[in-house]
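Colleague: sequence and predicted structure below; questions after.
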Amino acid sequence: MHVQLWGMKQRLLSFGHGYSAQAIAARLPHSDWEIAGTSRSDEGLDALSRQGIIPLRWGSDGVNEYLGKCEAILSSIAPQAGQDPVLAHYGTHIQRVAHRLKWVGYLSTTGVYGDHHGGWVDEQTRLTPGTDRGKARVRAEEQWANLENIPLHIFRLAGIYGPGRGPFEKVKNGTARRIIKEGQVFSRIHVEDIAQTVVASLNAPKPGEVYNLCDDDPAPPEDVIAYAAELLGCPMPEAVRYEDAEMTPMARSFYAESKRVDNAKIKTALGIALIYPDYKTGLQAMLAGGAAF
């Protein structure tokens with residue numbers, strides 16, 4: 001049940017209003033929230049308008065104007081060239097309006113923890129990223145945290161899946177592979193559980209908190225592919241040894257780290273009951289909902 005704790009209708013500015021941010025916005029009642037989003041392209045601005053989001057072109061005066069009247073900020077833009085683009089362009093203005101902000105959320109990644117050889121990590125684990133992408137995220141988190149008097153909340157997301165983003169299409173068209181690397185395990189999170197967790201934080205701000213967002217069932221990636229094939233009634237995808245697999249540098253970098261992410265904090269601090277506590281329930285719901293592809 002939604003409980004409005006903020007009083008009058010509030011304004012949220014969403015930087016990089018992509019897959020996760022769209023799911024978050026969909027959970028915020030229009031009666032309570034006005035939401036603006038940024039985009040660099042005409043197509044993106046048109047898409048925002050169709051979603052009922054106020055479209056703001058990145059770099060325009062409209063973004064600074066909206067910063068001057070919003071109470072909440074959500075940033076889901078990844079670092080670029082080792083720098084957080086939101087802070088590079090708008091950090092000074094965000095600092096200037098800090099006094100009126102009630103909540104700031106930054107969507108980061110569990111990649112900041114680095115490789116733990118399949119071991120468990122939680123929010124207190126030291127950050128030891130091994131990839132350039134993970135190191136850039138640590139720097140971005142630090143840059144956000146260094147802003148003065150900002151009610152910052154950091155959300156470290158595991159691998160994201162959900163409608164339109166999952167293994168079904170590759171399994172169905174025969175391009176999926178079960179890449180086998182001994183001891184490899186990933187945590188993941190359904191986009192709707194990202195959305196409900198971030199909204200719970202919005203409704204109960206606790207500046208300075210960091211939350212891991214993942215489900216209850218860290219699993220080897222080949223198990224997820226196999227289960228998707230089982231659900232579809234498709235032949236089992238080919239098993240390929242990691243050492244022999246052809247992958248992009250980006251894809252290979254994901255296999256450089258193996259860890260299990262603990263999600264106890266979102267349950268105890270925010271009262272989250274996961275909608276999809278494991279990949280099996282998530283994939284089943286995607287297929288039943290007809291939005292798997």
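Modeller: Great, that's in hand. What you see is a predicted model, and the numbers here were worked out from it, not measured in a lab.
Colleague: what about the closest residue to Leu270 other than its chain neighbours, how many neighbours?
Modeller: Sequence neighbours aside, Ala200 is the residue nearest to Leu270 in space, at 4.3 Å (criterion: Cβ to Cβ, 6 or more residues apart in numbering). For every residue, glycine as well, the C-beta is placed using N, CA and C. Using other Cβ atoms under 10 Å, Ala200 has 16 neighbouring residues.
Colleague: alpha carbons only: can I get the helix or strand encompassing Gln284 in PDB?
Modeller: If you go by DSSP states H and E, Gln284 is part of helix 279-288. The C-alpha trace of helix 279-288 is given here as PDB (Å, rounded to 0.1, in the frame of the first residue of the first chain):
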ATOM      1  CA  TYR A 279      15.000 -16.100 -11.300                       C
ATOM      2  CA  LYS A 280      12.600 -19.000 -11.700                       C
ATOM      3  CA  THR A 281       9.600 -17.000 -10.400                       C
ATOM      4  CA  GLY A 282      10.800 -14.000 -12.400                       C
ATOM      5  CA  LEU A 283      11.100 -15.900 -15.700                       C
ATOM      6  CA  GLN A 284       7.800 -17.600 -15.200                       C
ATOM      7  CA  ALA A 285       6.000 -14.300 -14.700                       C
ATOM      8  CA  MET A 286       7.700 -12.800 -17.800                       C
ATOM      9  CA  LEU A 287       6.500 -15.700 -19.900                       C
ATOM     10  CA  ALA A 288       3.000 -15.700 -18.500                       C
END
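Colleague: could you give the mean pLDDT of it?
Modeller: Taken as a whole, helix 279-288 has an average pLDDT of 96.
Colleague: in that helix, what's buried?
Modeller: Tyr279, Lys280, Thr281, Gly282, Leu283, Ala285, Met286, Leu287 (16 or more other Cβ atoms under 10 Å).
Colleague: need those residues in JSON lines with distance to Thr128, can you?
Modeller: Below are the buried residues of helix 279-288 laid out as JSON lines (distance: Cβ to Cβ, whole Å):
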{"residue": "Tyr279", "distance to Thr128": "26"}
{"residue": "Lys280", "distance to Thr128": "31"}
{"residue": "Thr281", "distance to Thr128": "32"}
{"residue": "Gly282", "distance to Thr128": "29"}
{"residue": "Leu283", "distance to Thr128": "31"}
{"residue": "Ala285", "distance to Thr128": "35"}
{"residue": "Met286", "distance to Thr128": "33"}
{"residue": "Leu287", "distance to Thr128": "37"}
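Colleague: nearest to Ala239, of the residues you listed?
Modeller: Nearest to Ala239 among the buried residues of helix 279-288, counting by Cβ to Cβ, is Tyr279 at 18.4 Å.
Colleague: leaving out sequence neighbours, find the closest residue to the closest one.
Modeller: Looking at Tyr279 with Cβ to Cβ, 6+ apart, the closest residue is Val224, at 5.2 Å.
Colleague: could you point out which element follows the strand or helix carrying that neighbour?
Modeller: Secondary structure assigned from DSSP H and E places Val224 in helix 221-232. Scanning forward in sequence from helix 221-232 by DSSP H and E, the next helix or strand is strand 238-241.
Colleague: which residues are in contact with that next one?
Modeller: Contacts to strand 238-241, defined as Cβ atoms under 8 Å, 6 or more residues apart in numbering, come from residues Arg177, Arg178, Ile179, Ile180, Lys181, Glu222.
Colleague: now distance to Asp132 and pLDDT too, for these, in TSV please.
Modeller: Listed next are those as TSV, based on distance: Cβ to Cβ, whole Å; pLDDT from 0 to 100:
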residue	distance to Asp132	pLDDT
Arg177	25	95
Arg178	27	97
Ile179	21	96
Ile180	25	96
Lys181	20	96
Glu222	26	96
